[in-house]
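Student: show me how the following folds:
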Amino acid sequence: MAQEERELQVRALDGRSTAVTLAAAASVRDLKAALRSSFPPAQISHNFHLFLKGAKLRLDAEIDSLVVSHGEFIVLVPFTRKSAQSPQVATPGEQQSANPPISPEVAAGANSAWKDIMDDLSSIPSSPNADAASKDLYSSSIPCAGSYTEDASTDKSPSTGSSRKRRKLCKENGSGSMDTLGVDSASEQPSMNKKNGFVKSAASSCHDKHPLGPAEMVEHLKMGLGKDGQIVHIEEIPCRGASYAELPRHLSEAMKEALQIYGSHPTFMFCTATSANPREHVMELAKLDNVELIQKDGSPCGSKYFLLWNPPLHRTKEGGSKGSSVTRRSSPIVEVSYMFSEMVQHGLRCIAFCKTRKLCELVLSYTREILEVTAKELVDSICVYRAGYIAEDRRKIEADLFEGKLHGVAATNALELGIDVGHIDATLHLGFPGSVASLWQQAGRSGRRAKQSLAIYVAFEGPLDQYFMKSPHKLFGRSIEHCQVDSHNPKVLEQHLACAAYEHPICLQYDENHFGSSLDSIMTTLKEKGYLINNPTGPFSSTMWNYIGPEKRPSQTVSIRAIEHDKYSVIDKLNNRLLEEIEESKAFFQVYEGAIYMHQGVNYLVEELDLSSRTAFCRKADVKYYTKTRDYTDINVIGGDFAYLPTVTCKTNCLKTTAQANDCQVTTKWFGFHRICKSGNKILDSVELSLPPYSYNSEAVWIRIPQSAKIAVEERKLEFRGGSHAASHAILNILPLHMMCSSSDLGTECVNPHETRGMPERILLYDKHPGGIGIASKVKILFGELLLAALELVSTCSCTSDAGCPNCIQVSSNIILNSLPRQNTYMLAS
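Tutor: Numbers count the residues shown, from 1 in each chain. As a prediction, the model looks like this:
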């Protein structure tokens with residue numbers, strides 16, 4: 001039975017909201033009358049519509065018929081005038097009484113309503129049992145099936161003002177929300193959807209499903225998605241036939257172990273396609289004294305089209321409608337999503353490589369939104385493959401991809417190598433993966449068995465991606481980087497030695513040659529943890545160690561994708577299903593009470609976090625916001641509390657530097673999180689968190705900032721701490737051009753912005769891998785060159801804002817950079 005009264009939440013486009021209580025039998029007309037009497041936005045703009053889940057409410061609809069779930073709200077939107085000269089037309093059912101002249105502020109709000117309406121409204125119901133009031137939807141014009149459709153041209157003179165017609169493509173996403181892709185048919189200028197950055201016109205959506213080969217797809221993209229000049233370069237890589245040679249039969253693991261125990265030393269063979277120092281790498285990795293290098297490549301490959309794709313430029317306002325106009329590129333995430341959908345529609349099996357787990361989830365979500373419109377039957381033929389998923393889920397995805405049940409996956413570098421996924425026709429690369437070696441490894445996933453293939457590298461707006469877009473020969477002519485490995489990392493050694501002791505007892509006297517001088521201390525640590533024991537009664541009692549750990553086979557608990565052993569489990573409360581395991585160092589960035597967590601493109605709300613069992617409990621949630629933690633990181637350099645050091649002369653030809661590389665302790669503290677509206681990225685509210693800090697030992701490279709530089713910054717009334725942080729990001733942006741690493745390998749010192757205690761005056765980068773992987777010592781040698789390169793990057797950047805831009809000091813993973821002063825960076829770097 002319906003309740004006698006209902007309370008409804010109503011929100012205006014400017015963010016103000018109110019609660020209205022009405023009788024259940026009342027109508028939407030009564031609701032509008034109540035709002036006009038008490039709600040300021042309704043009083044200021046007397047003419048308005050009410051929308052629920054993207055649908056305009058009928059005036060005669062009963063309040064009791066509205067299906068409003070918890071957390072959902074009705075949106076108040078002013079009328080949009082067709083023209084300043086056109087008479088105002090009242091909506092049927094409303095009084096057409098004379099209204100006072102509309103103020104310029106209200107007129108501006110009305111004129112912008114249609115632009116913002118689908119961004120700020122809730123989702124349209126996808127259920128056939130949707131409420132009756134939701135039936136009065138916006139009309140939409142969806143392009144007819146075929147390749148790409150263009151707006152019909154007429155012989156009439158170009159129209160202006162109210163005669164311009166806006167065509168909308170409404171797309172229902174996985175959570176039921178409607179996205180509108182508008183295009184001004186008079187000027188062919190696409191409109192921006194702030195929710196996801198779509199800058200595509202309705203004509204951009206391809207509904208054709210005719211099978212295409214890689215070469216045909218290149219031409220198809222030229223005429224369709226890439227018609228605005230996004231394709232800046234096409235590299236055609238010719239096919240190559242195979243050359244064969246006889247190879248000796250391989251030895252089993254058991255045979256190799258037996259031969260070593262009894263004094264035999266078999267010959268090992270190592271293979272790599274993407275390493276500039278394979279011989280040195282193998283010698284360090286396997287502790288071998290002599291390795292012969294064979295460099296002649298006899299492997300076959302099919303022809304490949306390698307496209308460089310730079311998202312188109314558009315002008316946007318900074319700081320609202322009154323802000324200055326700046327030029328920004330369209331979202332590369334959206335560009336990849338459109339291309340991903342095209343590949344699937346046209347029968348090309350595809351992997352879309354993304355640099356982070358969250359980017360994978362976003363690409364999947366956006367691509368499914370597109371396929372909902374263009375090829376709904378293919379929505380479930382794509383998924384995400386990344387680290388963190390449980391082994392059972394990964395094996396199923398691998399099998400489905402190999403067997404052709406899946407047409408495509410959005411993946412991190414977890415699918416870069418080592419897994420046979422069958423034939424792949426195309427690869428998409430969202431941003432530079434961090435090294436040329438990784439890029440070629442990923443691109444090499446397509447075109448197996450000498451078949452023709454396609455690879456498309458889509459650029460972000462950062463300096464490294466734009467460098468390659470402007471100079472393609474620098475990418476295709478660039479040599480493969482040297483591999484970096486630290487075989488003495490204590491966390492790696494602990495897991496390695498537990499596995500080795502399980503296979504055969506370890507003897508300190510003989511095995512130190514294989515595991516290094518830290519073997520004794522690592523063994524003692526494993527003994528304290530209950531993994532190893534030395535038999536006091538047997539021969540060699542003090543030097544022989546046996547495995548007694550809790551795992552039946554310790555190798556099965558070692559992750560090849562992460563160093564860390566301790567992880568947090570994410571559980572779906574509905575069915576008690578394990579969704580993911582997250583490394584402890586990353587857990588609190590993704591799961592905490594109130595967090596929105598994404599899994600296979602679906603939003604989950606974390607309702608409970610059990611710290612003692614390291615378990616997060618969540619449920620599916622249809623929300624219109626996402627969450628982002630508020631945190632800061634302290635770096636305590638061990639043995640680095642000394643003042644300025646003398647200049648170090650490197651053995652190489654690198655510049656002289658005072659940079660130091662030291663062990664450090666990294667401590668991250670989380671003090672809250674923001675709920676951020678998907679439409680416009682506006683912060684809805686801030687919530688405090690009470691989480692324990694997380695610390696681990698690693699390595700850092702740093703330099704002291706001269707006192708003269710600090711004084712110069714402060715004399716100009718600029719923020720010193722913000723400038724030093726921005727300078728660190730400028731170095732981080734250009735680092736992959738100088739050595740093999742990615743943005744996930746190194747971090748910058750990001751102290752609490754409200755910290756009052758004295759902080760070291762330095763520029764610091766730290767290794768984000770617990771224990772370190774040896775990157776800091778490599779950066780130390782190059783620090784002089786990196787400072788000069790960062791100075792050139794900042795001083796030659798064309799941006800005019802003090803906050804810098806993605807081409808110099810901003811990093812997409814760190815939102816705080818939007819407020820960092822670029823001028824400080826220039827002074828510090830110089």
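Student: now do the buried residues in the longest helix along the chain.
Tutor: Using DSSP state H to define each element, the chain has its longest helix at helix 775-795. Buried residues in helix 775-795, counted by 16 or more other CB atoms under 10 Å: 775-776, 778-784, 786-787, 789-791, 793-794. Just so you know, the C-beta spots here come from the backbone N, C-alpha and C atoms, and that holds for glycine as well.
Student: now stretch 399-416: mean pLDDT?
Tutor: Stretch 399-416 comes out with an average pLDDT of 90.
Student: centroid-nearest residue for the chain?
Tutor: residue 359 (3.0 Å; CA atoms, centre = their mean).
Student: give me the phi and psi for that residue.
Tutor: phi -60, psi -40 (degrees, to the nearest 10).
Student: just to check, it is in contact with residue 430?
Tutor: Yes: counting by CB atoms under 8 Å, residue 359 touches residue 430, with 6.1 Å between them.
Student: mutual contacts of the two, please.
Tutor: Residues touching both residue 359 and residue 430 by CB atoms under 8 Å, 6 or more residues apart in numbering: residue 333.
Student: mind checking how far the longest helix of the chain is from the chain centre?
Tutor: The chain centre lies 25 Å from the centre of helix 775-795; the measure is CA atoms, centre = their mean, to the nearest Å.
Student: for it, name the packing helices and strands.
Tutor: strand 660-677, strand 694-704, helix 720-734, strand 762-767, helix 822-829 (3 or more CB pairs under 8 Å, 6 or more residues apart in numbering; DSSP states H and E).
Student: least reliable of the ones you listed going by mean pLDDT?
Tutor: Note on the helices and strands packed on helix 775-795: lowest mean pLDDT is at helix 822-829, with a mean of 42.
Student: restricting to C-alpha, output the one helix or strand residue 395 maps to in CSV.
Tutor: Assigned by DSSP states H and E, residue 395 falls within helix 391-402. These are the backbone C-alpha positions of helix 391-402, laid out as CSV (Å, rounded to 0.1, in the frame of the first residue of the first chain):
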residue,chain,number,x,y,z
ALA,A,391,43.7,-16.9,-10.5
GLU,A,392,40.4,-18.7,-11.3
ASP,A,393,39.0,-15.6,-13.0
ARG,A,394,42.2,-14.9,-15.0
ARG,A,395,42.3,-18.5,-16.2
LYS,A,396,38.7,-18.3,-17.4
ILE,A,397,39.4,-15.0,-19.3
GLU,A,398,42.5,-16.5,-20.9
ALA,A,399,40.6,-19.6,-22.0
ASP,A,400,37.7,-17.6,-23.3
LEU,A,401,40.0,-15.3,-25.3
PHE,A,402,42.0,-18.3,-26.7
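Student: after that helix, next one along is what?
Tutor: Using DSSP H and E, the first helix or strand after helix 391-402 is strand 408-411.
Student: that next one pairs with which strands?
Tutor: strand 350-354 (parallel), strand 382-385 (parallel) (DSSP bridges).
Student: so for residue 9, which of those strands sits nearest?
Tutor: Residue 9 sits nearest to strand 382-385 of all these, at 33.5 Å, using CB to CB.
Student: output the closest one as CSV - backbone C-alpha positions only.
Tutor: Taking Å, rounded to 0.1, in the frame of the first residue of the first chain, the C-alpha atoms of strand 382-385 are listed here in CSV:
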residue,chain,number,x,y,z
ILE,A,382,34.7,-7.8,-23.9
CYS,A,383,36.1,-7.7,-20.4
VAL,A,384,39.1,-6.6,-18.3
TYR,A,385,42.2,-8.7,-17.6
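Student: what mean pLDDT does it get?
Tutor: For strand 382-385, the per-residue pLDDT averages 94.
Student: report the angle between the longest helix of the chain and strand 660-677.
Tutor: Interaxial angle, helix 775-795 versus strand 660-677 (axes from the mean of the first three to the mean of the last three CA atoms, to 10 degrees): 60 degrees.
Student: quick one, helices of the stretch 351-500 of the chain?
Tutor: 357-374, 391-402, 436-443, 463-470, 472-476, 490-503 (DSSP state H, counting those that start in this stretch).
Student: and for the fourth one, what are the contacting residues?
Tutor: Identification of contacts with helix 463-470 by CB under 8 Å, 6+ apart yields 232-233, 308, 310, 431-432, 457, 459, 474-475, 733-734, 736-737, 793, 806-808.
Student: could you pick out the buried ones from these?
Tutor: Looks like the contacts of helix 463-470 have 233, 308, 310, 431-432, 457, 459, 475, 733-734, 736-737, 793, 806-808 buried, using 16+ other CB under 10 Å.
Student: from these, which ones fall inside strands?
Tutor: Using DSSP state E, the members of the buried ones among the contacts of helix 463-470 that fall in strands are 233, 308, 457.
Student: looking at the residues you listed, which gets the smallest pLDDT?
Tutor: When those are compared by pLDDT, residue 233 scores lowest at 94.
Student: doesn't residue 307 make contact with it?
Tutor: Yes: here residue 233 reaches residue 307: they are 7.2 Å apart, a contact under CB under 8 Å.
Student: returning to what we had before: just the angle for the longest helix of the chain relative to helix 463-470, thanks.
Tutor: Using the same axes, to 10 degrees: helix 775-795 against helix 463-470 is 60 degrees.
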